[in-house]
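A.B. asks: With the sequence up front, the predicted model follows.
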Amino acid sequence: MAFLKIAKDDIEINLSYIKDYLFQRWQYFVLGILLSIIGAVLFLVTAEREYTSAVLVSIEGDASNRTQENILQSLGFFRPSSNSDQVSSYIRDNLLDYYPFLQCLGQGRVQSPSQGETSFLEYFLHDTSIPSQDSISILWNQPLSNGKYMKEIAVREYSALSSIAGSIDVEEEFELHGIRFSVSLPEARPAFDMISQVLFCVSEFFVEYHTIRERANLNYLSQSLESSRLNYQKAQENLANYLDRNINLLSKKAEFRADALRSELRIKEAVYTRLANEHEVSKINLQKKKPILSVLQTSSVPKKPSYPPRASFTIILSLFIGVVASVFFIFGEMTYRLLKTSRDG
């Protein structure tokens, strides 16, 4: 009896035949389930564990105006309006390809059960066979100016920095008005240490972007103040030296010269005082301008691995796949026999 009958204008499927055939091939189901359980157990035993630690940071500004462009600009990124990429992918492609940011991550300290206390740069140097003296020229992003620049670094350092960037994921949380950074590593404590370093480096980048003008102004005033201080000290020394040399001299010329030196000293003192006041005001403005990157959800040392999935979920999924595969195999066999019977008959 065939499970499929084809007439001129109609196709009839014999469901009872299919049901009986499936019951007759129960051993295929048993074999499929056993193989799926064995595969699930092997997967759970051999799969490399991953521990994930994450942190959610808030975005400064008006919460009612949370466009992707505003979020990028508040974090210190520039993007052409024609680019429709998501915020997370843009940050990932730019921030994680920014050499100073990766350097900041690599300089962080980590407590690793396998390697002890070390820097993240050393922690991620898996391939020790690469000679340390080899170097490579890399085109890096410059998000602060929306440009690129070429820099030559050691191959081993580039390998480690690439591994660091690959362990970090970014996703936007528009409902919470923030960005979530997560780190996945084979060990729990290093994952927590890395996400803490990510938060620190993101904060540093965030502050650097928002205080470019104030820091430039403060640097200029610091240099000017130092130069003015030296000029003021020089004027004091000139007046003191002149008075010491002409202590008993009462001529008009000596008085005029002393008055000129005193006048020059007062001018230098006024300039120095004004620059000192401006310098203090500039430092206050810099502190006021510094944004505070609020943490909406803090990170913690993960207690359970995020990968592979839970054993119960893995086994149930494998059983489902085993049953489905068995059904497909049985239908394939049934179809093959039908075609063979039709060809022989």
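C.D. replies: Arrived safely, thanks for sending. Numbering: from 1, shown residues only.

A.B. asks: Tell me which other helices or strands the helix or strand harbouring Val323 touches.
C.D. replies: Using DSSP states H and E, Val323 falls within helix 311-344. For helix 311-344, the packing partners by 3 or more Cβ pairs under 8 Å, 6 or more residues apart in numbering; DSSP states H and E come out as helix 15-24, helix 26-46. (Each C-beta comes from the backbone N, C-alpha and C, glycine too.)

A.B. asks: again, only using 10 Å
C.D. replies: On a contact count with 3 or more Cβ pairs under 10 Å, 6 or more residues apart in numbering; DSSP states H and E, helix 311-344 meets strand 4-6, helix 15-24, helix 26-46.

A.B. asks: any idea how far Val57 is from Glu214?
C.D. replies: In this view, Val57 and Glu214 are 22 Å apart by Cβ to Cβ, to the nearest Å.

A.B. asks: Give me the more crowded residue out of the two.
C.D. replies: Set Val57 next to Glu214 and count neighbours by other Cβ atoms under 10 Å: Val57 wins out with 21 against 17.

A.B. asks: mind checking the SS state of the more buried one?
C.D. replies: Three-state call for Val57 (DSSP: H, G, I helix; E, B strand; the rest coil): strand.

A.B. asks: how near is it to Ser228?
C.D. replies: 41 Å.

A.B. asks: just so I have it, where are all the helices in the stretch 51-200 of the chain?
C.D. replies: 68-75, 87-95, 99-106, 120-123, 155-166, 188-210 (DSSP state H, counting those that start in this stretch).

A.B. asks: Using a markdown table, please lay out those together with mean neighbour count and mean pLDDT.
C.D. replies: Shown next, in a markdown table, are the helices of the stretch 51-200 of the chain (neighbours: other Cβ atoms under 10 Å; pLDDT from 0 to 100):
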| stretch | mean neighbour count | mean pLDDT |
| --- | --- | --- |
| helix 68-75 | 19 | 52 |
| helix 87-95 | 19 | 69 |
| helix 99-106 | 20 | 88 |
| helix 120-123 | 21 | 87 |
| helix 155-166 | 19 | 86 |
| helix 188-210 | 20 | 85 |
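
A.B. asks: mind checking which of those is nearest Val271?
C.D. replies: Val271 lies closest to helix 188-210 among the helices of the stretch 51-200 of the chain, at 30.8 Å (Cβ to Cβ).

A.B. asks: chain center to the closest one: distance?
C.D. replies: Offset of helix 188-210 from its chain centre (Cα atoms, centre = their mean, to the nearest Å): 8 Å.
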